[in-house]
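Undergrad: sequence below, structure please.
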Amino acid sequence: MGSLISASIDLSKIDKAKITEGKNGAKYYNILISVNDEKNQFGQDVSIYENQSKEDRDGGVKKNYLGNGKTIWAGQVLKKQTSAPVENTPYNNDDLPF
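TA: You can find the predicted model right below:
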């Protein structure tokens, strides 16, 4: 597991015209989440923006800021196994009741 993030979005900042509908009728709003290396004075390291099209990014359109948050748990990254793998042997336990 990588990280757990707690965040809030200001719903009044959502551009309702950018809500899309899926084939099953579900509604989606695409966002961009940025996790910073350092926390601000409030302990926050996450910023949430409305997702931009390539045209908007290339045109220099300012990102629509929606909210913020903080990483509340970060797991350890597992290192690649360097020793020889253990052979899988069949498990045989006759003590099982079934």
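
Undergrad: without its sequence neighbours, what residue ends up closest to N68?
TA: Q44 (5.0 Å; C-beta to C-beta, 6 or more residues apart in numbering). From N, CA and C alone the C-beta is placed, and that goes for glycine too.

Undergrad: surely the one you found is in a helix?
TA: No: Q44 sits outside any helix when classified using DSSP: H, G, I helix; E, B strand; the rest coil, being coil.

Undergrad: gap between it and E38?
TA: Distance from Q44 to E38, counting by C-beta to C-beta, to the nearest Å: 10 Å.

Undergrad: more crowded one of the two?
TA: Neighbours were counted for Q44 and for E38 using other C-beta atoms under 10 Å; Q44 has more, 16 against 5.

Undergrad: wait, doesn't the more buried one sit right on I72?
TA: No: between Q44 and I72 there is no contact under C-beta atoms under 8 Å: 10.9 Å.

Undergrad: nice, that's everything, thank you.
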